[in-house]
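Novice: Just a sequence and a predicted model for now, questions to come.
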Amino acid sequence: MIIAVDGPAASGKGTIARALARHYKLPHLDTGLLYRAVAATVLDNELDPEKEADAVAACNFDEAMLAQERLKDDLIGKTASIVSAHPLVRAALLQRQKRFAAQPGGAVLDGRDIGTVIAPHADAKLFVKATPMIRARRRHAELRDRGSFASLDKVLADIRARDERDSSRSQAPLRAAEDAALLDTSFLSIDAAVQRAISLVEARTATAKQP
Ligand SMILES: Nc1ncnc2c1ncn2[C@@H]1O[C@H](COP(=O)(O)OP(=O)(O)OP(=O)(O)O)[C@@H](O)[C@H]1O
Ligand SMILES: Nc1ccn([C@@H]2O[C@H](COP(=O)(O)O)[C@@H](O)[C@H]2O)c(=O)n1
């Protein structure tokens with residue numbers, strides 16, 4: 001079974017995707033980490049994220065980087081959103097994600113274009129959302145716990161800017177696939193959001209099994 005989980009920054013899609021992977025005993029890929037690794041490589045080598053050739057050169061990143069906690073840094077997230085808008089960067093990362101989705105037994109992937117581009121034939125697609133302010137509060141708390149002290153206003157402004165950049169790019173913009181089930185986590189606890197996600201996956205796959 002392939003499960004595609006998409007949504008904007010800090011909507012809770014990663015939390016839900018990890019829980020679904022545990023529940024269904026499937027491998028999970030957080031595709032945002034790939035773009036974050038490209039971004040970190042750009043920054044480490046003092047390249048220009050706005051320049052497509054610089055960003056493409058960084059797609060050959062060191063695999064060990066994917067395990068680094070610093071990939072969660074805000075600057076890396078923001079830079080990831082810049083490099084991910086380059087068509088050649090998306091092309092360089094495409095096959096790796098498609099291969100992960102196509103492995104025997106299936107997989108759970110989360111990102112921005114899983115249901116639309118990476119796994120358009122996924123058995124179940126979820127589009128996770130929450131209001132910008134709620135997402136900003138969650139991200140603010142997460143950053144604070146990691147010792148970073150950006151103000152809530154700044155985190156909210158960054159989230160809005162990232163939404164705008166991710167939704168307006170020409171290639172694989174952030175959007176819900178037409179056949180995705182919407183899951184608004186704004187007023188759900190993590191446990192309630194995960195239960196709802198499992199119910200939606202069950203409903204999708206039960207419909208598909210009907211003769
Ligand atoms: N339903 C929820 N209620 C409260 N907090 C939540 C909920 N879902 C997720 N969170 C918390 O919000 C933060 C962001 O969640 P998560 O990392 O899953 O989002 P994301 O959509 O994957 O973000 P990104 O795309 O930026 O990686 C985390 O600290 C997570 O624990
Ligand atoms: N499938 C994806 C996943 C991510 N991106 C871009 O990477 C940025 C960081 O992603 P996070 O999920 O770790 O926040 C994100 O803002 C997107 O620009 C993408 O384009 N496609």
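Specialist: Good, I have the coordinates. Ligands and ions are numbered 1, 2, ... in the order given.
Novice: residues of stretch 114-122 that come out buried?
Specialist: Ile114, Gly115, Thr116, Val117, Ile118, Ala119, Ala122 (16 or more other CB atoms under 10 Å). For every residue, glycine as well, the C-beta is placed using N, CA and C.
Novice: biggest separation within those, which pair?
Specialist: Val117 and Ala122 (11.1 Å; CB to CB).
Novice: Next, see if stretch 162-180 gets close to ligand 2.
Specialist: Yes - under the criterion of CB under 6 Å from any ligand atom, ligand 2 is reached by stretch 162-180 at Arg162, Asp166.
Novice: what's the spacing between that stretch and its chain's center?
Specialist: Distance of stretch 162-180 from its chain centroid, counting by CA atoms, centre = their mean, to the nearest Å, is 11 Å.
Novice: Any residues of the chain in contact with ligand 1? List them.
Specialist: Contacts of the chain with ligand 1, taken as CB under 6 Å from any ligand atom, map to 7, 9-15, 32, 138, 142, 185, 188-190, 193.
Novice: Give me the buried positions along stretch 59-79.
Specialist: Across stretch 59-79, burial judged by 16+ other CB under 10 Å covers Cys59, Phe61, Met65, Leu71, Asp73, Asp74, Ile76, Gly77, Lys78, Thr79.
Novice: Which one of the residues you listed is nearest to Ala176?
Specialist: Gly77 (21.1 Å).
Novice: quick check, that closest one in a strand?
Specialist: No - counting by DSSP: H, G, I helix; E, B strand; the rest coil, Gly77 is not found in a strand; it is helix.
Novice: Next, the distance between the ends of stretch 173-186.
Specialist: Length of stretch 173-186, first residue to last, CA to CA, to the nearest Å: 22 Å.
Novice: Give me the contacts around that stretch.
Specialist: With CB atoms under 8 Å, 6 or more residues apart in numbering as the test, stretch 173-186 has contacts from 4, 6-8, 11-12, 16, 112-113, 115-116, 120, 124-131, 134, 163, 166-167, 193, 196-197, 200, 203-204.
Novice: Of those residues, just the buried ones, PyMOL syntax please.
Specialist: Of the contacts of stretch 173-186, the buried ones go into a single PyMOL selection, burial set by 16+ other CB under 10 Å:
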select buried, resi 4+6+7+8+11+12+16+112+113+115+116+124+125+126+127+128+129+130+134+163+166+193+196+197+200+204
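Novice: Okay, and which of the contacts of stretch 173-186 map to strands?
Specialist: The strands, defined by DSSP state E, take in Ala4, Asp6, Ala124, Lys125, Leu126, Phe127, Val128, Lys129 from the contacts of stretch 173-186.
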